[in-house]
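Visitor: Fold the following and give me the result.
(one chain, ligands or ions: 1)
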Amino acid sequence: MSRFHEARFLISAAAPAQFPVDVGAEVAFVGRSNSGKSSAINAIVQRRALARTSKTPGRTRLLNFFELAPLRRLVDLPGYGYASVPEVERRAWLPLIDALRTRASLKGLFVIADSRRGLTPADQGLLEWALPGHRVHVLLSKADKLNRGEGAAVLRAAAAILSGRATAQLFSALKGTGVAQAQDTLAVWLA
Ligand code: GDP
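Guide: Down below sits the predicted model:
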C-alpha cells in the first residue's frame, strides 16, 4: 500500500458530523503554515496537487480527508501559526480538532516542521495533543536547504527534544529525500 495509487480527496469537513464514518485507520498531518505540509502530502501520495484543496481561500480552517486505500485515510489539518487568525475562527476549528483526536480510527500524527527552524514550542505542544495510544512522527522538511552536517545536527536536536516520544526524519519534497521512509511509516500505521 506504500504507493497509494488510489489516493483521492474525500471531504472538507467544517463540523464533526461531516467526518467520514469512524472505521478503519487514519493519520493526521499537521504543521504550521508554510512548513511544507502540502508539499509533503503530495510527495508522499505522489500526487502533484492532491493537498491543494486545503489552500483554497476560505477552506483553510477545514479538515480535509483523503482516502489512500479503502478505509485508510489521511487527514490534512489546517496549518497553524497565522497570528492573524481571528479568534472566532480559532474557536470554530478547535472543536473539530478535538473531535478528530478521539476518533477510534486515528492512529497517529505526522508533524511537519521546517528543518531550518527545528521543532518550535507549538510543534512540541502537539505531542501533548496526541493521546497515549497515538504515534507521532516528525518530518523535518525542506532538508535540501541544509548541508549534510546541518541536517544531522537538526535531526539530533529533534531526537533530544522528542526523547523517545516520537520518531523524526529529514525530508525534502523537492529532492525526494526521505519520501520512501515517510511512505513506509505511514503504510505501517495504516495497515
Ligand atoms: P504548507 O503551507 O505547510 O502547506 O507549505 P507548502 O507545501 O505550500 O510549502 C511552503 C513553501 O515552502 C512553498 O514555497 C514551497 O515551495 C516550499 N517548499 C515546500 N517543500 C519544500 C522542499 O522540500 N524544499 C524546498 N526548498 N522548499 C519547499
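
Visitor: helices and strands around the helix or strand bottoming out on mean pLDDT in the chain, which ones?
Guide: Least confident helix or strand, the chain: helix 87-101 with a mean of 79, by mean pLDDT, DSSP states H and E. Counting contacts by 3 or more Cβ pairs under 8 Å, 6 or more residues apart in numbering; DSSP states H and E, helix 87-101 is packed against strand 63-69. Placement of C-beta: from N, CA and C, glycine included.

Visitor: buried set for the strand it packs on?
Guide: Under the neighbour-count criterion of 16 or more other Cβ atoms under 10 Å, strand 63-69 has L63, N64, F65, F66, E67, L68, A69 buried.

Visitor: Now do the same contact list for the spatially most central residue of the chain.
Guide: The C-alpha lying nearest the average C-alpha coordinate of the chain belongs to F29 (Cα atoms, centre = their mean; 1.5 Å). By Cβ atoms under 8 Å, 6 or more residues apart in numbering, F29 lies in contact with K37, A40, I41, L74, V75, D76, L77, L109, F110, I112.

Visitor: and if we set it to 10 Å?
Guide: Listed by Cβ atoms under 10 Å, 6 or more residues apart in numbering, the contact set of F29 reads 35, 37-38, 40-41, 44, 51, 54, 64, 66, 74-77, 79, 109-112, 139, 186.

Visitor: L106 contacts P20, correct?
Guide: No - the pair L106 and P20 does not pass the contact test of Cβ atoms under 10 Å, sitting 11.7 Å apart.

Visitor: ok, the two, which is more surrounded?
Guide: In this view L106 and P20 are compared by other Cβ atoms under 10 Å, and L106 has more residues nearby, 20 against 17.

Visitor: The residue lying closest to the more buried one once chain neighbours are set aside in helix, strand or coil?
Guide: Distances taken as Cβ to Cβ, 6 or more residues apart in numbering place E26 nearest to L106, at 5.7 Å, with adjacent residues excluded. Assigned by DSSP: H, G, I helix; E, B strand; the rest coil, the conformation of E26 is strand.

Visitor: My understanding was that E26 contacts F65; is that so?
Guide: Yes - in this structure, E26 is within contact of F65 by Cβ under 10 Å, at 7.6 Å.

Visitor: what do those two both touch?
Guide: With Cβ under 10 Å, 6+ apart, E26 and F65 have common neighbours F19, P20, R73, L74, V75, L100.

Visitor: Can you list which of the residues you listed are found in helices?
Guide: Per DSSP state H, helices hold the following members of the shared contacts of E26 and F65: L100.

Visitor: what sits up against stretch 156-168?
Guide: By Cβ under 10 Å, 6+ apart, the residues outside stretch 156-168 that reach it are 108-111, 113, 115, 118-119, 123-124, 126-128, 130, 134-140, 154-155, 169-170, 181, 185.

Visitor: And the buried ones among those, selectable in ChimeraX?
Guide: Buried members of these, defined by 16+ other Cβ under 10 Å, are picked up in ChimeraX with:
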select :108,109,110,111,113,115,118,119,123,124,126,127,130,134,135,136,137,138,139,140,154,155,169,170,185
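
Visitor: Done for today, thanks.
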